[in-house]
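Asker: Predicted model and sequence below, questions to follow.
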Amino acid sequence: MGFPFIGETMEFFNAQRRNKLYEEFVHPRITKHGKIFKTRIIGSPTVIVNGAEANKFLLSNEFKLVKSSWPSSSVHLMGKDSIMEKDGERHRFLRGVIGTSLGYAGLETLVPKLCNFVKLYLSQNWHGQEEISLYRSTKVLTFSIVFECLLGIKVEPGMIDTFERVLEGVFSPAIKFPGSKFSRAMKARKEIEKMIVKVVREKRKEIEEGRVKREEDTMLMSKLVYGMIQEEITEKEIIDNVVLLVFAAHDTTSFAVAMTFKMLAQHPDCYGKVLQEHVNIMRNKGRGESLNVEDIKKMKYTWQVARESMRLFPPIFGSFRKAITDIEYEGFTIPKGWKVNF
């Protein structure tokens, strides 16, 4: 389990930063100890399990045997009132509010808006360029989509850099000394909180003064503020869940998109099939007509390519849970209070 308290934290996160967690950390220990092994990460005794069956077992027993339990640095930066720190009825309620924007009805509005946004971004930033920084470009694009298309917040200069300073501290030791990654991240987090509070209060004023109609305003931020006005959700819950949503959607999505592009570049036969699938869809569209949800459903091969890319290059290294009771699994006992990474 490594050294006292710190355990194998450095080995774990060094491998994670290189996106080689499985190759450099997990696989050597599977070879030595088997597919279930124990370690210590950021001071917590942790059991690491692997494979689809283990994932299914843990996810199907959410709130029964385990609950979400991320490192303290992640909790401080994402917020203690974010959905990842809630359980039971409160978790279900917040998930329901956020999920309404991503359900079928929400996607009917979101997809054409997203399509137009991407076309505009490509014409302004990719068209005519001989070379682009793909990963950086997709980061800017996904960040802007989350803010402008989903939340309805105008992206201002410097916002993405402030958010990325927060991300740099998410898996660092939660030590507040000047100049540390965590300290810089917390400072950036306070800047973000100040910005979101201003947006929330301006939106509340618009709603209460009748300047926007609820049935016409489909943005997620507006739905959250309506919930706050009705005292179903607090201002702090809005702030923390917006920060979490940006973290979850922006960083992972941009990596998945970049890796999919990379794989298509290395496999021109697959690229040809993806291109033909999209050409076939566009043949049935009018000039300037945007894509809709039904068009997305037709992109079956495209989705297979995206899934295979994510299988080969996972956007996240896994997830943390905490045992809320002793767990018997595969002949092993995971003690109550221990962390589980899968």
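Answerer: Received it, and whenever you're ready, just let me know what you need.
Asker: Now do Ile160: how many residues are near it, please.
Answerer: 19 (other CB atoms under 10 Å). C-beta: built from backbone N, CA, C; applies to glycine.
Asker: Tell me who's in contact with Val111.
Answerer: Applying CB atoms under 8 Å, 6 or more residues apart in numbering, we find Val111 in contact with 290-293, 295-296.
Asker: ok, now how distant is the closest residue to Glu208 other than its chain neighbours from Met221?
Answerer: Nearest residue to Glu208, sequence neighbours excluded (CB to CB, 6 or more residues apart in numbering): Ile229, at 7.0 Å. Distance, Ile229 to Met221, by CB to CB, to the nearest Å: 13 Å.
Asker: if you count what's nearby, which of these two comes out ahead?
Answerer: Shown here are Ile229 and Met221; by other CB under 10 Å, Met221 has more neighbours (20 against 12).
Asker: what comes up buried for the strand or helix carrying the more buried one?
Answerer: Under the criterion of DSSP states H and E, Met221 resides in helix 220-229. For helix 220-229, burial by neighbour count (16 or more other CB atoms under 10 Å) applies to 220-228.
Asker: can you check stretch 34-45 too?
Answerer: 36-44.
Asker: now swap in stretch 188-205 and tell me
Answerer: 188-189, 192-193, 195-196, 199-200, 203-204.
Asker: Stretch 115-131 now?
Answerer: Cys115.
Asker: Do me a favour and average the pLDDT over it.
Answerer: Averaged across stretch 115-131, the pLDDT comes to 90.
Asker: which residues touch that stretch?
Answerer: Outside stretch 115-131, the residues within contact range by CB under 8 Å, 6+ apart are 132, 137, 140-141, 144-145, 148-149, 290-291.
Asker: 6 Å instead?
Answerer: For stretch 115-131, the surrounding residues in contact (CB atoms under 6 Å, 6 or more residues apart in numbering) are 132, 141, 149, 290-291.
Asker: Tell me the pLDDT of the nearest residue to Lys67 once chain neighbours are set aside.
Answerer: Closest residue to Lys67 apart from its sequence neighbours, by CB to CB, 6+ apart: Asp87 at 5.0 Å. Asp87 is assigned 78 on the pLDDT scale.
Asker: Kindly report the same for the one 4 residues further on.
Answerer: Confidence per residue is given as pLDDT, and for His91 that number is 82.
Asker: what residues are up against it?
Answerer: His91 touches nothing, counting by CB under 6 Å, 6+ apart.
Asker: ChimeraX command for the buried members of the contacts of stretch 115-131?
Answerer: Per 16+ other CB under 10 Å, the buried members of the contacts of stretch 115-131 correspond to this ChimeraX selection:
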select :141,149,291
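Asker: Quick check: the farthest pair among the contacts of stretch 115-131?
Answerer: Using CB to CB, those span at most 23.8 Å, a distance reached by Ile132 and Ser290.
Asker: where in the stretch 101-250 of the chain is pLDDT low?
Answerer: Applying pLDDT under 70 to the stretch 101-250 of the chain flags the ranges 214-217.
Asker: Which stretches in it count as helices?
Answerer: Here the stretch 101-250 of the chain has its helices, by DSSP state H, counting those that start in this stretch, at 104-125, 134-144, 159-168, 181-208, 220-229, 235-246.
Asker: Select, out of these, the one closest to Asn61.
Answerer: Judged by CB to CB, the one of these that comes nearest to Asn61 is helix 235-246, at 22.7 Å.
Asker: Look up how far Met299 lies from Glu289.
Answerer: 16 Å.
Asker: Looking only at neighbour counts, state which of these two leads.
Answerer: Met299 (16 against 12).
Asker: and Lys67, that's in a strand?
Answerer: Yes - assigned with DSSP: H, G, I helix; E, B strand; the rest coil, Lys67 falls within a strand.
Asker: list the contacts for it?
Answerer: Going by CB under 6 Å, 6+ apart, Lys67 touches 87, 322, 324.
Asker: Kindly report the same for Ala249.
Answerer: Val146.
Asker: Could you rerun that using 8 Å?
Answerer: 142, 146, 150.
Asker: Same question for Glu277.
Answerer: Counted by CB under 8 Å, 6+ apart, Glu277 has contacts 298-302.
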